[in-house]
Structures are given as structure tokens and as C-alpha cells.
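**Q** just need the structure, nothing else, for what follows:
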Amino acid sequence: KDSFGSTPLDYLCKNPLREGTHATRWMIRKILEERLPFLGLDRWKQELLEAEERVRSAADTRTMSDGLRYLVDMLGRLELLEALSLLELVLWRTKLLEKENKDMMMVEGDAKQPRTDRESCRVQCGISIVVANVLPFLGK
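**A** Alright, predicted model coming up:
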């Protein structure tokens with residue numbers, strides 16, 4: 001943001017010329033084309049596409065600017081949730097492998113292996129500690 005609190009996208013939205021509006025809509029489409037495929041939930045993708053449509057059909061620059069800011073904030077928030085979900089899966093998988101290796105060492109030679117309790121591994125994977133320590137660095 002500059003000293004007036006505006007971003008380059010704000011200035012682009014404020015451009016009254018037809019080319020400015022066209023450029024804004026093109027930029028919105030490009031941002032979503034590049035970042036939308038990385039979101040896992042279809043519901044999130046649909047919400048973003050609906051928000052994009054509201055921005056694209058905005059009648060005035062103020063509405064377009066507000067909608068664009070909302071869209072970019074929403075996209076950032078959903079990407080953070082996606083990253084945290086992936087982090088949880090990695091930690092959970094690591095805990096499962098650790099538990100399975102430990103169980104295999106204990107059973108050596110037995111035909112039966114104890115079944116790994118997936119839910120307890122999920123609870124014990126440490127995601128709450130990691131998230132509590134990671135989020136402050138992300139500014140959330």
C-alpha cells in the first residue's frame with residue numbers, strides 16, 4: 001500500500017476508462033486461473049467464482065474496488081486454510097509411519113501386527129502446537 005492506503009489494484013479499479021475496467025477484469029481472471037486449481041474444496045472454488053462474478057458485474061469503480069479487495073482477501077484466507085490442512089496431513093502421516101515402525105519393532109516375528117489407531121495418531125501429531133507457532137509468523 002502507498003501513503004494513501006491504496007494498492008495498485010485500487011488505482012486500476014479507479015481508472016474511469018474502459019481499458020481500465022477491461023484490465024481489471026482480465027487481472028481478476030488471471031489471478032483466479034493461476035491460484036484456484038490449488039484449492040482442494042470445490043465449495044471454496046465456487047465461492048470465489050461467485051465473488052469474481054460480483055466484481056466483474058460491478059456497476060461502479062467503488063463497488064469493483066471493494067469486491068476486488070474482498071476477493072483477494074478471501075483467496076488469501078482460503079490458501080492459508082489449504083496450506084494448514086496439508087500441513088496437518090503431513091504431520092499425521094509422519095505420526096502414523098512413526099507408530100507403525102514402532103509397532104513393527106515391538107512385534108518382530110509375530111504374524112499378527114497391532115493395528116495403528118489412526119485417530120489417536122491424528123490427535124497426537126502435534127498440529128495444534130505447530131499451528132499456534134506458525135500462524136503468528138503469517139500475520140494471522
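**Q** against Leu81, how distant is Arg35?
**A** Separation of Arg35 from Leu81 (Cβ to Cβ, to the nearest Å): 13 Å. No exception for glycine: its C-beta is placed from N, CA and C like everyone else's.
**Q** and Asp2, helix, strand or coil?
**A** Classification of Asp2 using DSSP: H, G, I helix; E, B strand; the rest coil returns coil.
**Q** output the below-cut-off pLDDT ranges for the protein.
**A** For the chain, the stretches with pLDDT under 70 are 15-18, 20, 103-116, 138-140.
**Q** name the element the most centrally placed residue in it belongs to?
**A** What sits nearest the mean C-alpha location of the chain, by Cα atoms, centre = their mean, is Glu79, with 1.3 Å. Glu79 is part of helix 61-107 when elements are defined by DSSP states H and E.
**Q** what's the burial count for Val55?
**A** 21 (other Cβ atoms under 10 Å).
**Q** Thr63 now?
**A** 14.
**Q** do the same with Ala58
**A** By the measure other Cβ under 10 Å, the count of residues near Ala58 is 19.
**Q** so it, which state does it fall into?
**A** Secondary structure for Ala58, judged by three-state DSSP, is coil.
**Q** surely it touches Gly67?
**A** Yes: with contact defined as Cβ atoms under 8 Å, Ala58 reaches Gly67; the gap is 5.6 Å.
**Q** quick one: Tyr39 from His22, how far?
**A** Tyr isn't right for residue 39; it's Leu. From Leu39 to His22 the distance is 26 Å (Cβ to Cβ).
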